[in-house]
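Enquirer: My questions are about this predicted structure, shown below with the sequence.
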Amino acid sequence: MEDSQERARKLRELIPEQPYDSVADLRERAKRFAAEAAQREADRIAQEEFQKNRQRAHEMEAKRLEDETRAALLLRVMRAEQEREERAKLQAEASLGPPSPSYRNEQLELEQEAGRRALAKHRGERVASAEKETGKDSTPGFKP
């Protein structure tokens, strides 16, 4: 019997071992799982990179808007300071002394003449409207 056992052993060594179907399926599934895991990891890394780039773009846009806003505010402040300086100069020039009496008289005369014209215009409109209302055949105060 030892001969038969010895012969069986030698025969098994010469013939390559064929795995059972379940073992082959197990190895095939393990390869497929490893490939899927690698693909998922690559997808995750790509998604993280996309999110980082997106965040970076948002931060750059926010910085650009902030810089524009700061520049606009600085420009407004500078303009306000210039206007304040100009007003101060004008006030300093105006506070040098009262205007000359001739200037005041000319100004007063111009204002009074404008008032007279407005009053005459107003009176003329009142007279014209009264004539229109009364007419020749109508009784005063009576409106048909």
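Expert: Sure, I can see it.
Enquirer: show me where pLDDT drops low in the chain?
Expert: Scanning the chain for pLDDT under 70 picks out the ranges 1-2, 16-20, 96-104, 127-128, 130-144.
Enquirer: swap the cut-off to 80 and go again
Expert: The chain contains residues with pLDDT under 80 at 1-2, 11-21, 23-24, 92-105, 124-144.
Enquirer: Longest helix in the chain, by number of residues?
Expert: helix 21-94 (DSSP state H).
Enquirer: Just checking the distance from it to the centre of its chain.
Expert: 15 Å (C-alpha atoms, centre = their mean, to the nearest Å).
Enquirer: could you measure Q55 against L65, distance?
Expert: Distance of Q55 to L65, computed by C-beta to C-beta, to the nearest Å: 16 Å. Every residue, glycine included, has its C-beta placed from N, CA and C.
Enquirer: likewise R126?
Expert: Counting by C-beta to C-beta, the gap from R126 to L65 is 62 Å.
Enquirer: Ok, A35 next?
Expert: 45 Å.
Enquirer: Same question for E125.
Expert: When distance is defined by C-beta to C-beta, E125 is 58 Å away from L65.
Enquirer: what's the answer for D21, then?
Expert: 65 Å.
Enquirer: just H58 next, same as before
Expert: 11 Å.
Enquirer: Ok, L74 next?
Expert: Counting by C-beta to C-beta - L74 and L65 are separated by 15 Å.
Enquirer: again with N105
Expert: Plainly put, N105 is 58 Å away from L65 if you go by C-beta to C-beta.
Enquirer: Please apply the same query to N53.
Expert: Distance of N53 to L65, given as C-beta to C-beta: 19 Å.
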